[in-house]
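1. Sequence and computational prediction follow.
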Amino acid sequence: MDHSEVLQQACYVFLNDLNDEINHSSALQLDDQEIFQRCRLIIAKEQNPQVKTYLEILSEVIRAYLTGRASEDALRFYLSEQFSIVNEEIDGLIHGIVAIKHQSSHTDTSHSALLSFADYPKVSVIITTYNRKAFLYQAIQSILKQDYPYIEITVIDDCSTDGTEELMHQSFGSESRVIYMRNEKNSGPGNNRRKAFAAHGDGEYVLFLDDDDYLIDMNYLSKAVDFHNHHPEISFVAANVFLEFSKAKQLKISSLQLSRIIKKQDYFMNFEKKGYPKPSSTLTTVFKREALMAMDILNMNMVNDASIYLRSLLVGDAGFIDTLAGVYRLHGDNITFNLSQRFLIENLEEKLLIKNMAVQKYGYHEQEMTEWFNHNAYDTISYYLLNSAKDATDFKFMYHWALNHCPPIYNQLRNEFRTKLIKKQLLRISLLRTLLGR
């Protein structure tokens, strides 16, 4: 029996035991906390530590479902993707959990029905893609399956060579809600986001989706638009996701653990610090178009995730829906794991522009913004040196850039990364000797 079969059998046993517990205790009117405790007791019987880890995540998904922090779509998705449970069997396996949810007091009150088509503002979804046609198909379908009725998807293809163009014509050529744009030469996802937004991003709300990510809650866009309707002060609203570790074939919950409303200055000044995490990509983030225009998106040098968030936080608060809405893939080909030096410099220059905007247009103090920029520059350069820098030239270039633009972090970077640079140089010498046969 291989690993997937072992997981599947363990899931069957777990859910059948849980159903038995629920059936025998129905008179007690079990609440979510009691169900979670029953889950823990069942998991404690599992002898395989690896399987136990998967079941613990499943119990967290069940708990999230029972407390309104995950939809039934998300629960079904997790059972199907992580445990290979076929749809025909899921109903029977979760019937006890669904019954408990229906009698529970935890209900989703954030999603109120809109009365007519005129009540639905348009949501423009922009998907950048390059040579990922299999992923792209799933991303588009996850939007088309949303229950929200007024959606327009723009796919901008960065000159793919893997048959993406054929896929788009064959699968979506007759779909009126999908627009296909194709570049004649490669220009990168940041430029493509801006280009597609300028051409077709005319919805009142905008979602930027990467081609390898997708939504799993089919009501999510309805919830996001409803949240905007109730909180006009926000620039965007985001939600939680599953992280998909593709090589290990494992899904884990990534919870932002933010308040429903986060004040713009607090989030802006502490962005990506402890207690103020950045949402995974922008896959669940529905932006207000008015906020994107106010923060000058059409003149951005690079429309990457962090920059969109930071600029948006200059003009409005942030919203958060505590629900599992999408899947963010971690497969080693994500751009954050393969930063080029050019990309890094454009990123740093964009943060410098944001710093100046904050001071000149939005009244932030010069000194505090200088400290803010130095902190962000240090984090950005450190990440590059740790993960993407290849040789001494890369290190020296970044040291020189820091000396010219943010001198206070220059010595800190050199002192911290001196050992890493020496190790890289030694490895390079060792490799040369091996190639030369010495």
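-> Nice, I can see it. Numbers count the residues shown, from 1 in each chain.
2. Strands of the protein, start to end?
-> Listed in chain order, the strands of the chain (DSSP state E) span 123-129, 151-157, 178-182, 205-210, 214-215, 234-245, 250-254, 261-262, 286-288, 317-330.
3. TSV please, covering the ones you listed and showing mean pLDDT and mean neighbour count.
-> C-betas here are computed from N, CA, C, even on glycine. Compiled in TSV, these are given as follows (pLDDT from 0 to 100; neighbours: other Cβ atoms under 10 Å):
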stretch	mean pLDDT	mean neighbour count
strand 123-129	97	25
strand 151-157	97	22
strand 178-182	97	17
strand 205-210	97	25
strand 214-215	98	25
strand 234-245	97	24
strand 250-254	97	17
strand 261-262	98	18
strand 286-288	98	26
strand 317-330	97	24
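4. Where does pLDDT dip in this structure?
-> Along the chain, the model assigns pLDDT under 70 to residues 1, 26-29, 104-118, 332-338, 420-438.
5. Enumerate the beta-bridge partners assigned to the spatially closest residue to D202 that is not a sequence neighbour.
-> Spatial nearest neighbour of D202, excluding adjacent residues (Cβ to Cβ, 6 or more residues apart in numbering): S124 at 6.4 Å. In this entry, S124 is beta-bridged to E152, V206, by DSSP bridges.
6. and S124, what does it touch?
-> By Cβ atoms under 8 Å, 6 or more residues apart in numbering, the contact list for S124 reads E152, T154, F197, H200, G201, D202, G203, Y205, V206, L207, R289.
7. Quick check: which of the strands of the chain is nearest to E371?
-> strand 261-262 (20.8 Å; Cβ to Cβ).
8. ok, residues contacting that closest one?
-> Strand 261-262 is contacted from outside by H231, E233, I234, Y276, D317, A318, G319, F320, using Cβ under 8 Å, 6+ apart.
9. Look up how far P408 lies from the last one.
-> Counting by Cβ to Cβ, to the nearest Å, the gap from F320 to P408 is 33 Å.
10. Also the second one?
-> For E233, the distance to P408 under the criterion Cβ to Cβ works out to 35 Å.
11. So what's the residue count around K263?
-> Other residues within reach of K263, judged by other Cβ atoms under 10 Å, total 13.
12. Of all the strands of the chain, which one comes closest to L55?
-> strand 250-254 (12.5 Å).
13. Next up, the contacts around H169.
-> H169 makes contact with Y180 under the criterion Cβ under 8 Å, 6+ apart.
14. what's the residue nearest the centre of the chain sitting at in phi/psi?
-> Geometric centre of the chain, nearest residue: S280, 2.6 Å, by Cα atoms, centre = their mean. Here is the backbone geometry of S280 (degrees, to the nearest 10): phi -70, psi 110.
15. cool, C406 as well?
-> phi -150, psi 70.
16. residues in contact with it?
-> F373, N374, A377, Y378.
17. at 7 Å instead, please
-> F373, N374, A377 (Cβ atoms under 7 Å, 6 or more residues apart in numbering).
18. Name all residues that make contact with the second one.
-> Yep, that's N374 we're talking about. Contacts of N374 by Cβ under 7 Å, 6+ apart are C406, P408, I409.
19. Could you list the domains of the chain?
-> 3-103, 117-330, 339-436 (automatic domain parsing).
20. Now do the helices in the stretch 301-438 of the chain.
-> Using DSSP state H, counting those that start in this stretch, the helices of the stretch 301-438 of the chain run over 305-315, 341-360, 366-387, 392-405, 410-436.
21. Could you look over the ones you listed and pick the most buried one?
-> Compared across the helices of the stretch 301-438 of the chain, helix 305-315 shows the largest average neighbour count, a mean of 22 (mean count of other Cβ atoms under 10 Å).
22. helices or strands up against that helix?
-> strand 234-245, helix 264-270, helix 289-294, helix 341-360 (3 or more Cβ pairs under 7 Å, 6 or more residues apart in numbering; DSSP states H and E).
23. Which of those sits closest to S176?
-> Nearest of the helices and strands packed on helix 305-315 (Cβ to Cβ): helix 289-294, 20.9 Å.
24. In that closest one, which residues are buried?
-> Using 16 or more other Cβ atoms under 10 Å as the test for burial, helix 289-294 gives R289, A291, L292.
25. Closest to R38 out of those?
-> A291 (44.7 Å).
26. how about the strands of the chain in a markdown table, adding distance to N415?
-> Shown next, in a markdown table, are the strands of the chain (distance: least, Cβ to Cβ, whole Å):
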| stretch | distance to N415 |
| --- | --- |
| strand 123-129 | 38 |
| strand 151-157 | 43 |
| strand 178-182 | 47 |
| strand 205-210 | 36 |
| strand 214-215 | 43 |
| strand 234-245 | 33 |
| strand 250-254 | 33 |
| strand 261-262 | 35 |
| strand 286-288 | 40 |
| strand 317-330 | 31 |
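27. With respect to S59, which of these lies nearest?
-> Nearest to S59, of the strands of the chain and by Cβ to Cβ, is strand 250-254 at 11.0 Å.
28. A239 contacts T323, doesn't it?
-> Yes: with contact defined as Cβ atoms under 7 Å, A239 counts as touching T323 (5.2 Å).
29. wait, which of the contacts of N374 is closest to A224?
-> Of those, the one sitting nearest to A224 (Cβ to Cβ) turns out to be C406, at 36.4 Å.
30. what's the neighbour count on the closest residue to H331 other than its chain neighbours?
-> Take H331 and drop its neighbours on the chain: the residue closest to it by Cβ to Cβ, 6+ apart is S246, 3.9 Å away. Other residues lying near S246 total 12 when counted by other Cβ under 10 Å.
31. again with the one 10 residues further on
-> A count of nearby residues for L256, using other Cβ under 10 Å, gives 20.
32. Might you report the residue contacts of F271?
-> Each residue near F271 by Cβ under 7 Å, 6+ apart is listed here: K278, Y309, L310.
33. same question, N186
-> So N186 contacts D158, C159 (Cβ under 7 Å, 6+ apart).
34. give me phi/psi at it?
-> phi -70, psi 130.
35. From S160, how far out is it?
-> For N186 relative to S160 (Cβ to Cβ), the value is 9 Å.
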